[in-house]
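Asker: Sequence and predicted structure, then a few things I'm wondering about:
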Amino acid sequence: ILANRQSAQRSRVRKLHYIAELEKSVSALQ
């Protein structure tokens, strides 16, 4: 259960980083 929670947290962090990168590239395009 603990490992599952850690992997879920890791995927959430990765998604946040991905969204941040998307917003950065979008603002660069504008």
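Answerer: Received, thanks. Note that the structure is a prediction, hence the values are computed from the model and not measured.
Asker: counting contacts, what elements does the host helix or strand of Ala3 pack onto?
Answerer: Element membership of Ala3 [criterion: DSSP states H and E] is helix 2-29. Where contact means 3 or more C-beta pairs under 8 Å, 6 or more residues apart in numbering; DSSP states H and E, helix 2-29 is not packed against any helix or strand. From N, CA and C alone the C-beta is placed, and that goes for glycine too.
Asker: Centre of the chain to it, how far?
Answerer: In this view, helix 2-29 has its centroid 0 Å away from the chain centroid, taken as C-alpha atoms, centre = their mean, to the nearest Å.
Asker: Use 13 as the first number for this chain going forward.
Answerer: Let's use 13 as the start, then, which means that last one is helix 14-41.
Asker: buried stuff in that helix?
Answerer: Residues of helix 14-41 include none that count as buried (16 or more other C-beta atoms under 10 Å).
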